[in-house]
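Undergrad: with the sequence up front, the predicted model follows.
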Amino acid sequence: MVAKNKSSHAIKIVVDAKIYPLEAIYGAAYVFLDKAYIRLDGDPKKKIIVQIKKKEGSGGRTAEGLRDDFLNELLNYGLRCQISKNNRKIREYIVGTALLSATWAEEKTEKETEKKTEKDWQSDPLGIAVPWEEKYGKK
Amino acid sequence: MEKNNKTVVFNKDLYSLSAIQKAIEAFRGLADFKVQTAKSSHKVIIKNLDQDVDGTLEDELSNYILAEMKNE
């Protein structure tokens, strides 16, 4: 699954693309961009070569330590991708239902407000429809 | 100030042209860049590279492009 080769300054990791999707490799690499220089090569359908070169002054972690951390992170992102893939349909269903419910609720509120406004107007709360004579006529 | 020229090759299947172009735009002030697309790779030719950033620019550029790939 994973093989390790070491050159003078960089460590190369060969990742099996059938086990770890490209998305997981990007995700894991992103975590290390402040500590190391990462380069990718290879065939996304077969094997991807990840080259990790430690940055100068990036702390006490050795290149081998970074390699091991990267492998752990790769496992983490691989799992996240798998869970995301498994839950995709139910996630879309939940979000879709929530949005639809919000739309129904909004429409219902608008209709109720419209009815109330119409009713208020007909009841003439300000007494506008009352003739002047009737309101202020001699007593 | 001495100027150096370098070429960095990116695998087309792993690095997109749009991510490379965004990175070049961000690094524009540090060197002159040109992109050539071949069958399986994008080549970034770096010219008039400032000596102050020589040795690290290619690596920083690669990291920037990788960050852009994650966001795509």
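TA: Structure's in. What do you need? Numbering: from 1, shown residues only, chains lettered A, B, ... in the order given.
Undergrad: so the most centrally placed residue in chain A is in which element?
TA: Nearest to the mean C-alpha position of chain A, by Cα atoms, centre = their mean, lies A:S84 at 10.6 Å. Secondary structure assigned from DSSP states H and E places A:S84 in helix A:63-123.
Undergrad: go through chain B and flag its longest helix.
TA: helix B:57-71 (DSSP state H).
Undergrad: how far out from the middle of the chain is it?
TA: The gap between where helix B:57-71 is centred and where its chain is centred comes out at 8 Å by Cα atoms, centre = their mean, to the nearest Å.
Undergrad: how many residues are close by B:D13?
TA: Residues near B:D13, counting by other Cβ atoms under 10 Å in any protein chain shown, number 16. For glycine as for every other residue, the C-beta is placed from the backbone atoms N, C-alpha and C.
Undergrad: now do the contacts for it.
TA: Contact partners of B:D13, counting by Cβ atoms under 8 Å, 6 or more residues apart in numbering or on different chains, are A:D43, A:P44, B:S40.
Undergrad: for A:K54, same thing?
TA: By Cβ under 8 Å, 6+ apart, A:K54 lies in contact with A:H9, A:K35, A:A36, A:R61, A:T62, A:A63, A:L66.
Undergrad: return the residues of chain A in contact with chain B.
TA: A:22, A:26-27, A:29-30, A:33, A:37-44, A:48, A:53 (Cβ under 8 Å from any Cβ of the partner chain).
Undergrad: which of the residues you listed lies closest to B:T56?
TA: A:Y37 (8.4 Å; Cβ to Cβ).
Undergrad: what's the local residue count around the nearest residue to that closest one once chain neighbours are set aside?
TA: Leaving aside its chain neighbours, A:Y37 sits nearest to B:D59 (3.8 Å; criterion: Cβ to Cβ, 6 or more residues apart in numbering or on different chains). B:D59 has 17 neighbours, counted by other Cβ under 10 Å.
Undergrad: just to check, B:D59 is in contact with A:K53?
TA: Yes. Checked against Cβ atoms under 8 Å, the pair B:D59 and A:K53 is within contact range at 6.8 Å.
Undergrad: overlap in contacts of these two?
TA: Both B:D59 and A:K53 are contacted by A:Y37, under the criterion Cβ under 8 Å, 6+ apart.
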